[in-house]
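S.K.: Fold the following and give me the result.
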Amino acid sequence: MKANKKKIIVLVSMIALLVATGCLNYFLNVRKADVDQPVDQTTPTFFATYRNDREVTRQQEIAYLDEMIASETSSAETIAEAEAQKLAICQAMETELVLEGLIKAKGFEDCVVTISTENVNVVVKDAELTVEDAAQILNIVVTETTFTAPDVVVIPYV
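M.R.: A predicted model of the protein is given here:
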């Protein structure tokens, strides 16, 4: 009978802790929701979604290249090519980040830059992109990279 009493006490204690934890969780979440309510960050923007997709894709590409580099069946030529591609991806990532920062520093609210082997695409958040604005962006890209003006595409996004 003593063993049953102990089991009942432990069970009741666990249920009480569970209820207390649930209540605490509820009240903390209600308070957090009241604080966060004025700022709606639940809807991802085009730019945030694009950056996230780009990052995920790059991580997958780098993982594939790492597998090729680490594979015992890869030839020296394949390993060298994979290392070169990995380096090119890392350089593009760094350049894109620099360009995005410089473009935002010119007063644009947001932008994303993608660099390929043939061109640079710049999507900038601006409802009324003027020729002067596009020229500023073009100047930044041409100054910071080896691309020429015909290789740069500036796309306004509302």
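S.K.: And the helices in this protein?
M.R.: Taking DSSP state H, the helices of the chain run over residues 2-36, 46-70, 76-105, 131-144.
S.K.: worst average pLDDT in those helices?
M.R.: Of all the helices of the chain, the segment with the smallest mean pLDDT is helix 2-36, scoring a mean of 64.
S.K.: mind listing what the residue positioned nearest the centre of the chain touches?
M.R.: In the chain, the centroid-proximal residue (Cα atoms, centre = their mean) is residue 52; its distance is 3.3 Å. When contacts are counted by Cβ atoms under 8 Å, 6 or more residues apart in numbering, residue 52 touches residue 44. Placement of C-beta: from N, CA and C, glycine included.
S.K.: rewinding a little: how about the helices of the chain in TSV, adding distance to residue 125?
M.R.: Output for the helices of the chain, formatted as TSV (distance: least, Cβ to Cβ, whole Å):
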stretch	distance to residue 125
helix 2-36	23
helix 46-70	7
helix 76-105	10
helix 131-144	11
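S.K.: Of those, which is nearest residue 157?
M.R.: Comparing the helices of the chain by their distance to residue 157 (Cβ to Cβ), the top pick is helix 46-70, with 6.3 Å.
S.K.: and residue 153, what are its bridge partners?
M.R.: Counting by DSSP bridges, residue 153 forms beta bridges with residue 121.
S.K.: wait, isn't it in contact with residue 123?
M.R.: No: using Cβ atoms under 8 Å, residue 153 is not in contact with residue 123; the gap is 9.1 Å.
S.K.: out of the helices of the chain, nearest to residue 111?
M.R.: helix 76-105 (4.8 Å).
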